[in-house]
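Student: Below are the sequence and a predicted model; questions follow.
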Amino acid sequence: IMTVCVLVLSLMICAWLVAMLPAIRRRVGAVAAAETRRGSFLVETIHGIRAVKSLALDARQRHQWDVHCADVAEKRYAEGLLSNWVQTIVHPLQILMTNGVIAIAVYLALVNKDPMYIGAIIAFMLLTSRVVAPMIQASQAIVQIDEARVAVKGVADMINREAEEGRSGRGIRSPLIGRVEFSEVTFRYEGSSTPALDKVSFAIPEGTVFGIIGRSGSGKTTVTRLLQLLHSNYQGLIKIDGNDLREIDVDHLRSSLGVVLQENFLFRGSIRETIAASKPDASFEEIVQAARLAGAEEFIERLPRGYETFIQEGSTNLSGGQRQRLAIARALIGDPRILILDEATSALDADSEAIVNANLLRIAQGRTLIIISHRLSSLVNADAILVLERGGVYDIGAHEELLDRCDIYSGLWHQQHRHLITRSSTHEVIPFPSAAQ
């Protein structure tokens, strides 16, 4: 009888815990989502603190932070309330199990008048506590267990992702020459209804300067992202030196490419370490040469500690133009066979841009140079210029050819250089009367 009583009550406790588990998981998931939103908002605000101050958004951001904190507190309260409901049912069942068994045992001992029942009662109480204790601990820790499950699942989803394509260790690792071919390449970003690139085909001979222009959203940066194999789910064929891009070892590919973006991240450390990031064993002469080509030498030499100047976190002690020139030097230090400049001179002042543009021929020597720029003046000397429009190839040719036949290119050119067009005066010139008159 006592055994049946313990088993029935144990099954009731287990059934209650199982029944409440889906609701607990929902509450735990809601808490995790709310805390994620709060953390993301905090990180976003810290990263954009300059914009917050410039736009006087302090009060707005504080209010939103309070809203996020209140949301987390509300979700935590709901989670704790459900946990208390679990204990509200489990605790009486646990008391009934222990005290009920004792009551039944005492009743049987009095009825049977057998002194052996006293020893049996003590032994059964010990066994009952062994059964009850794990169930009580499970009911008390069920929320913490599910929180751990959610955390482990998040970490597992991140760690167990499939390796990036091209990291099998069996990819091609032959030195790059610099010949690039796109053949009927179509690519669509996840969640987008229109393709970023639509059947794009062109070829870049090795050792040439190739420009890419187009309106915003035409797919210029997408071309360079595919060339770095940051996205491998494209249709069509991309070749480098005649080899399918997907067959090249991704680490070897990216170490053979030099990429300078419009916004570049610089790691903490000295300027010397920053320039030599992709080639730690670079000599000081190589570092100076890379800085000279990038037009960074002149400002580095003016710094009190020169190349040993420490770059703070976020490179807050450098101007935008200085950061950009260091990024160009960092890309050049590895002597890449293919160099991509994606709006690399957009943050430079006129003097710095003139220095970089003057060095472009030296920078391009012995490598393929791909330049994306809204400033068409920097592409005048390019061997070929690709004009993209809505993800497709609109035209391709040299500067003079595109001025004659491509309306998009000629329109952008005249728009950017209208200040050079001399305007005839519409005012009548009245001669000054002579003394004889």
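Tutor: Done, it's in. Numbering: from 1, shown residues only.
Student: drop to CA atoms for contacts and neighbour counts, all remaining ones
Tutor: Noted.
Student: how far is the strand or helix carrying Thr36 from where the chain is centred?
Tutor: For Thr36, the element it lies in under DSSP states H and E is helix 2-47. Relative to its parent chain, helix 2-47 has a centroid offset of 31 Å by Cα atoms, centre = their mean, to the nearest Å.
Student: Can you get me a residue count around Arg50?
Tutor: 11 (other Cα atoms under 10 Å).
Student: That one sits in which helix or strand?
Tutor: Short version: Arg50 belongs to helix 49-54, going by DSSP H and E.
Student: How about Ile396?
Tutor: Element membership for Ile396, per DSSP H and E: strand 392-397.
Student: thinking again about what came up before, show me what the helix holding Arg50 is in contact with.
Tutor: Residues outside helix 49-54 that contact it (Cα atoms under 8 Å, 6 or more residues apart in numbering) are 45, 58, 61.
Student: Kindly report the same for stretch 396-411.
Tutor: Contacts for stretch 396-411 (Cα under 8 Å, 6+ apart): 379-387, 395, 413.
Student: Does Ser321 touch Asp349 like I think?
Tutor: One thing to correct before we go on: residue 321 is Gly, not Ser. Yes: look at Gly321 against Asp349 with Cα atoms under 8 Å: they come within range, at 6.7 Å.
Student: so after the top helix by length along the chain, what's the next helix or strand?
Tutor: In the chain, taking DSSP state H as the definition, the longest helix is helix 58-112. Next helix or strand after helix 58-112 toward the C-terminus (DSSP H and E): helix 116-159.
Student: For whatever helix or strand comes next after that following helix, which helices and strands make contact with it?
Tutor: Sequence order places strand 180-187 as the next helix or strand after helix 116-159, per DSSP H and E. With contacts defined as 3 or more Cα pairs under 8 Å, 6 or more residues apart in numbering; DSSP states H and E, strand 180-187 has these neighbours: strand 197-204, strand 235-240.
Student: Looks like Glu79 contacts Ala23 (just checking).
Tutor: No: counting by Cα under 8 Å, Glu79 does not reach Ala23; the two are 9.3 Å apart.
Student: of these two, who's got more company?
Tutor: Neighbours per residue (other Cα under 10 Å) separate Glu79 from Ala23, with Glu79 holding more: 21 against 13.
Student: pLDDT at the closest residue to that one other than its chain neighbours, what is it?
Tutor: Ranked by Cα to Cα, 6 or more residues apart in numbering and with sequence neighbours excluded, the top spatial neighbour of Glu79 is Arg27, at 5.4 Å. Per-residue confidence (pLDDT) for Arg27: 88.
Student: what's the answer for the one 10 residues further on, then?
Tutor: Each residue has a pLDDT score; the one for Arg37 is 92.
Student: Would you agree it is in contact with His68?
Tutor: Yes: using Cα under 8 Å, Arg37 makes contact with His68 at a distance of 7.3 Å.
Student: now the angle from the longest helix of the chain to helix 2-47?
Tutor: 170 degrees (axes from the mean of the first three to the mean of the last three Cα atoms, to 10 degrees).
Student: Report the inter-axis angle for helix 58-112 versus helix 116-159.
Tutor: Using the same axes, to 10 degrees: helix 58-112 against helix 116-159 is 160 degrees.
Student: Now find how far off-centre helix 58-112 is within its chain.
Tutor: From the chain centre to the centre of helix 58-112 is a distance of 41 Å (Cα atoms, centre = their mean).
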